[in-house]
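Asks: I would like the atomic coordinates for the input below:
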Amino acid sequence: MKRKIVNVKENLCNGCGACIPKCAEGALQIVNGKAKIIKEVYCDGLGACLGQCPQGAITITEREAEPFNEAETHEHLKNKAAPMPTISIQANQTPQKPQWPVKLDLAPTKAPFFENANLLFAADCAPIALKNFHDLMVGKRTIIGCPKFNDARGYAEKLTEIFKQNNIASVTVVHMEVPCCTGLKWAVNKALEASGKQIPVREFEVKIGGEIVEL
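Replies: Just a heads-up that it's a prediction; the model follows:
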């Protein structure tokens, strides 16, 4: 059937995710750095997401598409709201007091709290977007940053010195579901290469809806 449905112009979309919260049916998701309709039957074509895109990438078009399915959409939203698996934490672990400062730009390159530390390198949006963020901090030393407003190359240089001057046991990277935020993982990879250290790294992504998944 021919009906009205949301259209995303990929050449304009920068993957910022501003449209996602306005899609009450959960039809829009960030896929490979772009907003996409994951299934036509989830989109009612009413256009609540219109006007939310700073790039003007979202329009309403009329084309052949599967009809909107309210029952299937309801089931999709119910499954989408299901809690994601939590990161395992040993019962005898207790959160340790965080060091100060926590911003990577301000953190020293050599410090007692970095020695033999499990390092958590997180986007500074993550503690707000992820309600259980403090679960990630258990047993770790936390530093935060934003590669959109700071130079990821500068982050890589700072991390290189931290890796060189301290015995870091592991690194956990937590970034948001937007392309610019993956600069945190890029900075860690570059720092490991420059430092010559082999440190185990885990990477987690916080979705627009507040879920977290390991990549």
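Asks: switch to C-alpha atoms for all contacts and neighbour counts from now on
Replies: Fine.
Asks: pLDDT score assigned to the residue nearest the centre of the chain?
Replies: Centroid check for the chain by CA atoms, centre = their mean gives M176 as the closest residue, at 1.8 Å. On pLDDT, M176 comes in at 91.
Asks: before we move on, what about L130?
Replies: Note on L130: pLDDT of 84.
Asks: the residue nearest to it when sequence neighbours are not counted and L77: what is the separation?
Replies: Closest residue to L130 apart from its sequence neighbours, by CA to CA, 6 or more residues apart in numbering: G210 at 5.4 Å. Using CA to CA, to the nearest Å, one gets 14 Å for the distance from G210 to L77.
Asks: between these two, who's got more neighbours?
Replies: With neighbours defined as other CA atoms under 10 Å, G210 and L77 compare such that G210 has more, 18 against 15.
Asks: ok, that one - contacts?
Replies: Taking CA atoms under 8 Å, 6 or more residues apart in numbering, we find G210 in contact with 129-131.
Asks: just to be sure, it is in a strand?
Replies: No: counting by DSSP: H, G, I helix; E, B strand; the rest coil, G210 is not part of a strand but coil.
Asks: quote the end-to-end distance of stretch 171-182.
Replies: Per CA to CA, stretch 171-182 runs 15 Å from first to last residue.
Asks: quick one: buried residues of it?
Replies: Counting neighbours by 16 or more other CA atoms under 10 Å, one finds that the buried residues in stretch 171-182 are 171-182.
Asks: one more: stretch 106-124?
Replies: Buried positions in stretch 106-124, judged by neighbour count with 16+ other CA under 10 Å: 107, 109, 114-115, 117-124.
Asks: D44: which of these is nearest?
Replies: Closest approach between these and D44, by CA to CA: A123, at 33.5 Å.
Asks: isn't the closest one right up against L184?
Replies: Yes: A123 is within contact range of L184, at 7.5 Å (criterion: CA atoms under 8 Å).
Asks: overlap of the contact sets of those two?
Replies: Shared contacts of A123 and L184, counting by CA under 8 Å, 6+ apart, come down to 145-146, 175.
Asks: returning to that earlier point: which of the buried residues of stretch 171-182 fall in helices?
Replies: When DSSP state H is applied, those are split such that none fall in helices.
Asks: possible to save these as TSV with distance to S195?
Replies: TSV is the format used below for the buried residues of stretch 171-182 (distance: CA to CA, whole Å):
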residue	distance to S195
V171	14
T172	17
V173	18
V174	21
H175	22
M176	26
E177	28
V178	27
P179	25
C180	24
C181	22
T182	20
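Asks: just give me the closest of these to F68.
Replies: Using CA to CA as the measure, the one of the buried residues of stretch 171-182 that approaches F68 most closely is E177, at 26.7 Å.
Asks: returning to what we had before: in ChimeraX, select just the buried ones from the contacts of G210.
Replies: Selection of buried members from these for ChimeraX, criterion 16+ other CA under 10 Å:
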select :129,130
